[in-house]
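J.: Sequence below, structure please.
(2 chains, ligands or ions: 3)
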Amino acid sequence: MISEQAKQRMRDLASRYPVARSAVMPSLHIAQLEEGYITAEGLQAVAEAINLTIDDVESIATFYTMYYQRPQGKKIIHVCTSISCYLRNCDALVEHLEQRLQIKRGETTPDGNYSLKTAECIAACSSAPALQVNGEFYEHMTNERADALIDALDQELGIERRV
Amino acid sequence: MPEEKKDELIHLTIDGMPVEVPPGTLVWAAAQQAGIEIPIYCYHPKMPPLGACRMCFVEIEKVPKPPQTSCTTPVAEGMVVHTKTEKVLKARQGTLEFLLLNHPLDCPICDKAGECDLQDFTLRHGPGKTRFDLHKRHYQKPIPVSNDVLLDRERCILCQRCTRFSSEISMDNGLVMISRGFRMEVGTAPGHAFDSVFSGNTTEICPVGALTASTYRFKARPWELKHTPGVCNNCSVGCNARIDTRVDRVTRLMSRNNDAIDDGWLCNRGRWEFGYVNNPQRLRTPLIRRNGQLSAASWDEAISYIATRLKEIKAQHGAQAIAGIGSTRTTNEEAYLFQKLLRQVLGSNNVDHQHGYFPGPRDQLTGKPWMMTNSIVDIEQASHIVLIASDPYQRQPILNLRIKKALRKGARISIINAAETELDRLATLKLTVPEGASAGVAAKIMLKQVLKNPEVDLTGHEEIRTLLQREDQVIRAGEDLFGARMTTQLQALADELVGAQGAILLYDEMATLEPGNEDLAADLQAIAVLTGQIDRPGAGVGPLFEDANSLGARDMGLLPDSLPGYQALAEPGLDYNEILSNSQVKALLVMGANPARHVADGKLSSGLELLVVQDLLLSETAQQADVVLPAVSFAEKDGSMTNVDHHVQAIHRALRPLPGARADWEILTALARYLGAEWDYTHPGDILLEIAGQNPFYAGLTWEELGAQGVRSLEEQEAAHV
Ligand code: SF4
Ligand code: SF4
Ligand code: FES
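T.: Ligands and ions are numbered 1, 2, ... in the order given. Sure, this is the predicted structure:
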């Protein structure tokens, strides 16, 4: 559900720009924060707040990969696969995480805890390979550090043991 | 060309040919003007350039990175352009090879094949074969984007013409690009339909067979179609259309650009609603009621029967017992002959048609006939547009696009309507007329405010104040209903009009028939006159008429109180409602109208001794007739029609007339001759000549002169009175 406060924030944003349409991207982020991904209701709320059609909003929401079209895991892991990370073997890192989480890149674990994604440059070239978990950076990644990270996250999420 | 103008032109060379064009012209358009074809996909002359498809490459000397896209490059003085160099040809080949990578090559089952730019350009400019030997991408095909339009994503070349039409022209933002990169496709929000009344245009401008019309799919191959220049018959805008026919059937209407009227677009009603022309129920023989049953008769029998009965009734009850109801969809020539038959041959002024309410044939204030004083193009120049009790999106759709064009240029749109309208979303001001109030009283509130405005010069118009004072009670009651806030908004709007650079006020003809709107036409005319919003560019006022020839019908004197050319009659005949209710009327001639829809319980007066109906189908009225005469549609005859801004336009026979049916003008001529009149018209052009000789608004017009785009004849030409 998109809360009334969220809708109000969207409307406030819209009134801050000379052209209300400019508020569409921050409003989509608000919708995504509310529901974890862009739902039909989220599209509708943004369209109404900014006076756009929902088709117009859908076009924007699907253009940018950081608006999610499906429910995501509680922890969203973005592994950078751009040039510096690539030279530092991010491929192996992604494969390792795929093994560890038992999902392919782009997927979400059936328990809804993790989503694994690859991303274009996240501006951490000097400490490649790098990844983000819900926006937080983890750098100089190795398979061991990745395992440790997942262990810590498991703990945080209260996951007993992964097979 | 005047000297100064010439200096403003930019000179360039294209393929060695010198070309002169105004500054800002795109290289593509300059080449076009010089007769040099440059292939395009994404560019469309009615929309801003995008540069997405990379098809329109040219080489421009001294530009560092050839080739350039000619659709995004404006001309410059001294520019030297080459459109056929090796580099250019190679680049075009490359673009085409890419566009065809995933293309299903299903031309044999594609509606567009034969008029497809992808097919044509591949033949002309493309490589003969592909180097891509992997699997092509597949999509489910086709998927509906609305009930009327289907999308085949495998054929789509992502030129974005359709989606830009939706965002830039129709501004409904209903059809959009979804995702990006190789995943990009045309679509809508999930579960949402692209249900714009303009959606059909996307099927026409799609350069390939990706968007197809459900009504036309698999109906014809383009090379089998015969094209006839015509005019849409479905509303008063009079959009120019190309009528495409195949073996005695209309298959579709396509746009036929007229910048002054349709700007190159058609609405879905115009494009697809011609089913009645092809209807298998069309009448193919005259019918005469015998023993209570309508049964087939020959034309001679039917016409002589009508003539005899008319003579008898006239002898018995006098000419005043005869009346006629004409049509707003037949040609000027037919409307003219219809009233001429009634007036001159039968001697009755009881002639009318269904129309809005206007006080007298002309506006008292300006002396002008009731019609929109501005042109359609003027709408684009307006700074303020007030739509009062009118909804062009539903009723005169292509005008809605013109209003949006004005909007894009910064016009403020104000809407006063009891209902929601499509334009509300884009309007500066929307005032919802409350229950019990009317648009008419809103107009009075505004007029009162205009009279109060110190900048308004009342000289010569003092009587308006006196008239309005009598309405004070009504206005006060109206203000209560509208409430303080809306009343203030109405007053502010009125004040805004006083200083506006150019304001246009438009109301629906038929809204004048609603309770409380009796003075709507006169009051809005007064507002326009007092605020000076009339007779200058970007300003005007007037009714939006209902039908393709609503204005023509008025011009032709299909009115009880005026002869052709709005010459007022001292003793008017019966009007529409009177004809239908007056028991003195014994004989009623109906041409292309269905008055049974406007009488209680659908039954015409039982006092009628003769009811003659000319129509295409056995309408409710025809079912009650004594004689039914089968007529032909706009697609089967020649003639002229007069649209909402008084463009007189020619329609042409696109189909063989349905066997057994006749054009209304032929029917009227035959009947007049039977009644002893010496009518010898052999073509509508002859009738137009007669009209032009008498009607000051048509002075000097000839059939030939109407040409492909019609003539806007607006000024009353005194000299023409003969
Ligand atoms: S559907 Fe047609 S008009 Fe629309 S993007 Fe595809 S090819 Fe272009
Ligand atoms: S706006 Fe009117 S005249 Fe134009 S295409 Fe539509 S129905 Fe026909
Ligand atoms: S037509 Fe010029 S880039 Fe598409």
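
J.: Assign B:Glu479 to helix, strand or coil.
T.: Counting by DSSP: H, G, I helix; E, B strand; the rest coil, the backbone at B:Glu479 sits in helix.

J.: Can you spell out the domain ranges of the chain, please?
T.: The chain I'm using is chain A. For chain A, automatic domain parsing gives the domain ranges A:4-63, A:75-157.

J.: other chain: chain B
T.: B:2-84, B:134-278, B:287-353+B:549-721, B:378-544.

J.: Next one: the residue of chain A most remote from its centre from ligand 1, what distance?
T.: Going by CA atoms, centre = their mean, the residue of chain A most distant from its centre is A:Pro18, 29.1 Å out. A:Pro18 sits 30 Å away from ligand 1, going by CB to the nearest ligand atom, to the nearest Å. C-beta here means a position set from N, CA and C on the backbone, and glycine is covered the same way.

J.: With B:Gly35 instead?
T.: From B:Gly35 to ligand 1 the distance is 26 Å (CB to the nearest ligand atom).

J.: go on, B:Leu211?
T.: According to CB to the nearest ligand atom, B:Leu211 and ligand 1 sit 5 Å apart.

J.: tell me, how many neighbours does that residue end up with?
T.: By other CB atoms under 10 Å in any protein chain shown, the residues close to B:Leu211 number 29.

J.: same question, the one 3 residues further on
T.: The criterion is other CB under 10 Å. On that basis, B:Ser214 has 14 neighbouring residues.

J.: need the contact list for it.
T.: B:Pro144, B:Asn147, B:Asp148, B:Val149, B:Leu150 (CB atoms under 8 Å, 6 or more residues apart in numbering or on different chains).

J.: now for those residues, which pair is the farthest apart?
T.: Pairwise distances across these peak at 9.6 Å for B:Asn147 and B:Leu150 (criterion: CB to CB).

J.: who's more crowded, those two?
T.: When neighbours are counted by other CB under 10 Å, B:Leu150 comes out ahead of the other of B:Asn147 and B:Leu150, with 19 against 13.

J.: Would you mind listing the residues in contact with that one?
T.: B:Leu150 neighbours (CB under 8 Å, 6+ apart): B:Pro142, B:Ile143, B:Pro144, B:Leu211, B:Thr212, B:Ala213, B:Ser214, B:Arg217.

J.: make it 10 Å
T.: Contacts of B:Leu150 were listed using CB atoms under 10 Å, 6 or more residues apart in numbering or on different chains, and they are B:Asp111, B:Lys141, B:Pro142, B:Ile143, B:Pro144, B:Thr203, B:Ala210, B:Leu211, B:Thr212, B:Ala213, B:Ser214, B:Arg217.

J.: Tell me the spacing between it and B:Gly483.
T.: 47 Å (CB to CB, to the nearest Å).

J.: do B:Gly540 as well
T.: 30 Å.

J.: So those two - more neighbours on which side?
T.: The neighbour comparison of B:Gly540 against B:Gly483 (other CB under 10 Å) goes to B:Gly540, with 23 against 12.

J.: For the more buried one, which residues count as its bridge partners?
T.: Beta-bridge partners for B:Gly540, by DSSP bridges, are B:Ile504.

J.: and it, what does it touch?
T.: Counting by CB under 10 Å, 6+ apart, B:Gly540 has contacts B:372-375, B:378-379, B:382, B:502-506, B:528, B:533-534, B:645.

J.: how close does it sit to B:Arg362?
T.: Separation of B:Gly540 from B:Arg362 (CB to CB): 16 Å.

J.: Over to B:Gly187?
T.: To B:Arg362, B:Gly187 is 52 Å away according to CB to CB.

J.: Of these two, which one has the most company?
T.: B:Gly187 (22 against 16).

J.: wait, isn't the more buried one in contact with B:Ser146?
T.: No - the criterion here is CB atoms under 10 Å, and B:Gly187 misses it with B:Ser146 at 11.6 Å.

J.: what is in contact with the two at once?
T.: What both B:Gly187 and B:Ser146 touch, as defined by CB under 10 Å, 6+ apart, is the set B:Leu175, B:Phe194.

J.: Go through the domains of chain B and name the closest to ligand 2.
T.: With CB to the nearest ligand atom, the closest approach to ligand 2 among those belongs to domain B:134-278: 2.2 Å.

J.: Mind checking if the closest one is in reach of ligand 3?
T.: No - using CB under 6 Å from any ligand atom, domain B:134-278 stays clear of ligand 3, coming no nearer than 6.6 Å.

J.: show me where chain A has strands.
T.: Remark: strands assigned in chain A by DSSP state E are A:75-80, A:114-119, A:131-133, A:136-138.

J.: The residue nearest to B:Leu589 when sequence neighbours are not counted: which element?
T.: Among residues not flanking B:Leu589 along the chain, B:Gly324 sits closest, at 4.4 Å (CB to CB, 6 or more residues apart in numbering or on different chains). Using DSSP states H and E, B:Gly324 sits in strand B:322-325.

J.: returning to that earlier point: and the contacts of B:Gly540, which is closest to ligand 1?
T.: Distance to ligand 1, by CB to the nearest ligand atom, is smallest for B:Ile379 among the contacts of B:Gly540, at 27.1 Å.

J.: so the closest one makes contact with B:Met372?
T.: Yes - between B:Ile379 and B:Met372 there is a contact at 9.4 Å, judged by CB under 10 Å.

J.: Quick check: neighbours shared by these two?
T.: Shared contacts of B:Ile379 and B:Met372, counting by CB under 10 Å, 6+ apart, come down to B:Leu399, B:Ile504, B:Leu506, B:Gly540, B:Asp645.

J.: which stretches of chain B aren't confidently modelled?
T.: B:1-7, B:716-722 (pLDDT under 70).

J.: Next up, the contacts around B:Trp90.
T.: If you look again at residue B:90, you'll see it is Lys, not Trp. Applying CB under 10 Å, 6+ apart to B:Lys90 gives the contacts B:Phe57, B:Pro67, B:Pro127.
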